[in-house]
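**Student:** what follows is a predicted protein model with its sequence.
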Amino acid sequence: MSRRVRRKGAHAREKDKVSVVTDCIRSVGVCEEGPAIMSEEAGLVDWTSLPDDTVVQILSCLNYRDRASLASTCKTFRLLGHAPCLWTSLDMRAHKLDLVTASSLSNRCSKLQKLRFRGSDSANAIINLQAKEIREISGDSCQAITDATLSVMAARHEALESLQIGPDFCERISSDAIRAIALCCPKLKRLRLSGIREIDEDAIVALVNNCKQIVEFGFMDCVNVDTVALGNAHAIRYLSIAGTRNINWALASQLWSKLPNLVALDVSRTDVPPSAAYKLLSSENLKVLCALNCPILEDGGNYGAYVIKSKVLLALFTDIIKGINSVSPDFGRENTLSGHKTRAAKRERNGVWRRRALEPRDKNLSDLMGWLEWVLSHTLLRIAESNPPGLDSFWLRQGASLLLSLVQSPQEDVQERAATGLATFVVIDDENATVDPERADSVMSGGGIRLLLDLARSCREGIQSEAAKAIANLSVNADVAKAVALEGGISILAELARSPNRLVAEEAAGGLWNLSVGEEHKGAIAEAGGVKALVDLIFKWPSGGDGVLERAAGALANLAADDKCSMEVAMAGGVHALVKLARSCKFEGVQEQAARALANLAAHGDSNGNNAAVGKEAGALEALVQLTCSHHEGVRQEAAGALWNLSFDDRNREAIAAAGGVEALVALAQSCSNASQGLQERAAGALWGLSVSEANSIAIGREGGVAPLIALAKSEAEDVHETAAGALWNLAFNPGNALRIVEEGGVSALVHLCSTSGSKMARFMAALALAYMFDRRMDEIALIGSSSDGASKSASLEVARKVALKHIEAFVRTFSDPQTFSAAATSSAPASLAQVGEAARIQEAGHLRCSGAEIGRFVSMLRNTSSILRSCAAFALLQFTIPGGRHALHHASLLQKAGAARVLRAAAAAAAASAPIEAKVFARIVLRNLEHHHVEASL
């Protein structure tokens with residue numbers, strides 16, 4: 001798979017003097033030069049000359065890791081780094097928050113106001129932070145969180161005003177925990193929970209009676225929520241039950257429409273009927289009803305009935321941004337647009353929440369807009385994740401614009417969720433990394449690339465991660481990839497790949513993986529330092545999970561396909577890193593990409609030394625041989641492909657065999673009859689590569705490799721049967737293997753290929769295999785045994801020989817035009833021979849490399865009693881010596897050493913009665929080729 005969709009300072013010599021915090025300072029725009037802070041020593045800066053409040057401001061713009069690095073440089077910065085104002089908010093989602101970590105942070109968290117965490121284990125450690133004044137707690141990926149954990153969390157944080165657990169399903173939380181929250185947190189104003197099985201009357205009553213300031217309930221994706229109890233929650237201003245089931249809508253609409261303070265209600269992704277929606281919109285106080293992706297409501301028609309003065313219905317069939325603008329007269333005046341959908345107009349529509357961040361508003365409106373941002377980002381992400389059919393029009397008409405608008409929200413969690421929504425809604429097939437081109441274009445045309453790249457440069461690691469994920473997924477589309485590159489996205493992603501935050505680095509590596517599919521981007525990634533960053537990721541997180549390692553290896557695999565970039569990968573330590581993954585990583589996706597990367601590194605032949613370098617790396621060949629036994633087809637395929645490429649090196653070829661490669665690859669070929677064409681081709685190719693060595697060829701035959709190769713030669717896929725034909729050609733050089741091919745029914749398979757394959761190379765190699773088999777060298781082995789058996793075998797072989805020779809002759813004649821050949825046979829003009837040679841040329845045959853023994857075999861075949869085999873031998877030598885062929889000079893040298901010129905002249909000068917015209921003409925062309933190479937060598 002070539003792409004994927006879906007994640008410092010140094011001590012100074014003198015006390016209190018630092019010279020290396022410039023990267024951190026540069027990121028927040030502080031000038032690095034100036035007379036006030038320059039020391040007398042050249043190159044040193046006394047950063048402690050900065051005012052304390054300036055240093056604190058700088059520290060506030062850094063993430064925790066950079067802040068700690070800067071604080072460790074001197075005593076002054078360490079003291080300032082503990083300033084309570086720097087620790088009012090803490091985002092631990094990318095970090096392991098265990099009991100030890102929480103305890104070590106506790107002396108800084110006395111003034112902590114806001115905490116975000118990830119995972120149930122982190123939830124258990126929160127109490128060790130001793131942040132008794134905390135106001136907001138938000139946790140995700142908490143599927144395993146229990147009543148006990150949530151109850152203790154509430155008991156230790158009595159000042160809590162906002163608690164959010166989700167959006168993952170929290171099925172282990174019950175109403176008991178909600179009652180505990182109500183009793184322990186009297187200042188609670190907002191409660192958002194997802195995936196609770198049941199929220200009963202007692203829990204809701206406890207919240208209403210004990211939390212006098214509560215104004216918002218969010219019970220999303222729950223199974224049962226007590227409708228009547230919610231109808232008595234008179235203080236509630238905002239209510240979301242998106243995705244919740246088993247609601248009695250007749251009763252709910254009757255009760256909830258009477259709630260005196262309810263301003264906004266979210267019933268998205270429910271089965272709310274039109275009658276209930278109309279009843280709710282008709283209530284006196286409700287201003288906004290959000291009902292996205294409600295099938296019964298959408299199928300009900302009569303949309304005009306929901307147009308009620310001072311009421312806003314946000315549904316798939318309404319103009320959502322226009323509805324949001326109408327919530328406030330100011331927003332309506334500022335954002336009313338004409339019907340012309342220009343790009344500027346789209347940007348204007350997307351500026352709703354950006355304006356809210358820049359301009360002061362009254363608190364009620366600000367709270368309402370903040371709630372709308374949250375529910376819309378939550379619901380749009382849920383819809384994108386489920387990807388229900390029939391929503392293409394919605395996404396193109398306004399869904400993409402909504403997400404781009406939410407990306408500009410002043411709320412960080414909304415920004416993140418919107419970026420995740422953009423990353424998700426464009427993907428229509430995650431398994432095959434398929435992105436909808438129209439959806440991707442809607443993001444690009446709405447200015448989304450620039451917005452996401454700006455988010456990626458945020459100092460907030462959570463936002464960086466989600467923005468990088470969106471850029472990565474969108475970059476599967478070639479047009480978007482070009483736009484990302486033009487906007488400077490490659491440099492941004494390369495920088496993020498160096499992030500000490502694993503989640504950020506993972507998503508950035510995914511972006512580089514997808515961008516590196518384009519040939520035009522490979523060089524830019526290398527120039528931006530992306531190769532080194534990707535290699536470093538493998539060393540930095542050797543056990544960091546499959547995500548970061550798979551993406552890094554996948555990107556390196558794409559880059560290694562380019563000759564220049566492959567050398568960069570090797571120089572950056574990529575060979576060692578990838579072999580390390582192939583040897584020790586247990587994740588199959590990582591193994592697959594590591595093997596693919598090694599295959600691509602070894603694919604450049606003589607243009608660089610990577611093939612030999614991979615073979616020399618300790619344990620590389622043994623690891624790849626072992627991976628051919630994997631249960632995962634992709635791993636087996638890429639490992640076999642790597643061994644195929646590596647087998648082009650003589651030392652590697654023998655080392656692979658010594659590592660058990662022959663046995664493993666024969667077993668792989670035997671087991672892949674129903675596998676993908678890619679695996680079949682690579683299994684046959686690896687055996688072809690190994691069989692260049694006669695010792696390996698004999699071993700392959702002895703291990704039972706002939707039968708599976710014959711089966712693969714019968715494949716309808718050209719790549720598969722062409723590769724199998726090449727392997728059988730090599731095997732047939734040995735008389736014992738030739739006999740095995742006959743006995744296993746290989747003659748009919750090769751004859752079929754020779755006459756019907758659409759691949760000239762497959763037909764050519766099948767013909768050469770048949771020529772090897774029936775040039776009489778096999779006869780002595782075949783006739784061993786009793787006289788009766790020998791007579792029977794002899795008769796059988798003679799029948800097979802006649803059939804084979806007939807098809808060899810037919811193949812050779814497909815490259816000979818009688819008139820052209822007659823003219824070439826009687827003329828000494830070079831142009832005539834050149835015309836025949838060019839017409840007979842098989843371009844791909846120029847990549848074949850023969851040994852001295854094989855060249856000698858064809859020279860001997862020129863003396864064979866069969867005129868057909870003489871023609872075939874001359875035709876083969878023509879292909880191997882045509883000027884411009886990769887190994888033509890090598891073959892010419894072997895022919896000279898074998899004294900072939902005399903034999904070729906004899907074939908070229910033979911009388912017409914005793915030699916076929918094809919043999920004569922092809923022999924003359926080979927002689928001309930040898931003369932050309934002799935002159936070339938002398939120059």
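**Tutor:** Cool, got the structure.
**Student:** the strands in this structure, which residues?
**Tutor:** 89-91, 114-118, 136-140, 162-165, 190-194, 198-199, 216-220, 224-225, 238-240, 264-266, 288-290, 312-314, 427-429, 434-435 (DSSP state E).
**Student:** what's the closest of those strands to Arg397?
**Tutor:** strand 312-314 (14.0 Å; Cβ to Cβ). Placement of C-beta: from N, CA and C, glycine included.
**Student:** thinking again about what came up before, mean pLDDT added to the strands of the chain, as JSON lines?
**Tutor:** Converted to JSON lines, the strands of the chain look like this (pLDDT from 0 to 100):
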{"stretch": "strand 89-91", "mean pLDDT": "88"}
{"stretch": "strand 114-118", "mean pLDDT": "92"}
{"stretch": "strand 136-140", "mean pLDDT": "94"}
{"stretch": "strand 162-165", "mean pLDDT": "95"}
{"stretch": "strand 190-194", "mean pLDDT": "96"}
{"stretch": "strand 198-199", "mean pLDDT": "94"}
{"stretch": "strand 216-220", "mean pLDDT": "96"}
{"stretch": "strand 224-225", "mean pLDDT": "95"}
{"stretch": "strand 238-240", "mean pLDDT": "97"}
{"stretch": "strand 264-266", "mean pLDDT": "97"}
{"stretch": "strand 288-290", "mean pLDDT": "95"}
{"stretch": "strand 312-314", "mean pLDDT": "93"}
{"stretch": "strand 427-429", "mean pLDDT": "87"}
{"stretch": "strand 434-435", "mean pLDDT": "90"}
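**Student:** need the winner for burial among those.
**Tutor:** When you average the neighbours per residue for each of the strands of the chain (mean count of other Cβ atoms under 10 Å), strand 264-266 leads with a mean of 25.
**Student:** for the longest helix along the chain, list every residue counted as buried.
**Tutor:** The longest helix of the chain (DSSP state H) is helix 787-813. Neighbour counts over helix 787-813 (16 or more other Cβ atoms under 10 Å) mark 793, 797, 800-801, 804-805, 807-809, 811-812 as buried.
**Student:** and which of those residues is nearest Ser866?
**Tutor:** Comparing the buried residues of helix 787-813 against Ser866 with Cβ to Cβ places Leu805 closest, at 6.4 Å.
**Student:** the closest residue in space to the closest one that isn't next to it in sequence - how many residues pack around it?
**Tutor:** Nearest in space to Leu805, with sequence neighbours left out and distances taken as Cβ to Cβ, 6 or more residues apart in numbering, is Ile868 at 4.8 Å. Residues contacting Ile868 under the criterion other Cβ atoms under 10 Å number 23.
**Student:** residues contacting Ile868?
**Tutor:** 805, 808-809, 812, 916 (Cβ atoms under 8 Å, 6 or more residues apart in numbering).
**Student:** mind running it again at 7 Å?
**Tutor:** With contact taken as Cβ atoms under 7 Å, 6 or more residues apart in numbering, Ile868 is in contact with 805, 808-809.
**Student:** make JSON lines out of those residues and add pLDDT and distance to Gly736.
**Tutor:** Converted to JSON lines, these look like this (pLDDT from 0 to 100; distance: Cβ to Cβ, whole Å):
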{"residue": "Leu805", "pLDDT": "95", "distance to Gly736": "22"}
{"residue": "Ile808", "pLDDT": "96", "distance to Gly736": "22"}
{"residue": "Glu809", "pLDDT": "94", "distance to Gly736": "26"}
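**Student:** can I get those residues in TSV with distance to Phe733?
**Tutor:** Formatted as TSV, the contacts of Ile868 follow (distance: Cβ to Cβ, whole Å):
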residue	distance to Phe733
Leu805	18
Ile808	16
Glu809	21
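**Student:** so which of these is the closest to Met761?
**Tutor:** Nearest to Met761, judged by Cβ to Cβ, of the contacts of Ile868 is Ile808 at 15.5 Å.
**Student:** which one of the contacts of Ile868 sits closest to Ala664?
**Tutor:** Looking across the contacts of Ile868 and measuring by Cβ to Cβ, the closest to Ala664 is Ile808, at 33.8 Å.
**Student:** state the pLDDT value of the nearest residue to Met153 once chain neighbours are set aside.
**Tutor:** In space, Met153 comes closest to Ile126 once its chain neighbours are excluded; the distance is 5.8 Å by Cβ to Cβ, 6+ apart. pLDDT for Ile126: 91.
**Student:** point out where the stretch 251-400 of the chain drops to low pLDDT.
**Tutor:** Applying pLDDT under 70 to the stretch 251-400 of the chain flags the ranges 303, 305-306, 328-361.
**Student:** helices along that one, start to end?
**Tutor:** 274-281, 295-299, 320-325, 329-335, 343-349, 352-358, 363-386, 392-394, 400-407 (DSSP state H, counting those that start in this stretch).
**Student:** most tightly surrounded among those?
**Tutor:** helix 400-407 (a mean of 26).
**Student:** now do that one and helix 363-386, the angle between them.
**Tutor:** Taking axes from the mean of the first three to the mean of the last three Cα atoms, to 10 degrees, helix 400-407 and helix 363-386 form an angle of 130 degrees between their directions.
**Student:** can you list the neighbours in contact with helix 400-407?
**Tutor:** By Cβ under 7 Å, 6+ apart, helix 400-407 touches 320-321, 346, 349-350, 352-353, 373, 376-377, 380, 414-415, 418-419, 421-422, 439, 442-443, 446-448, 451, 455.
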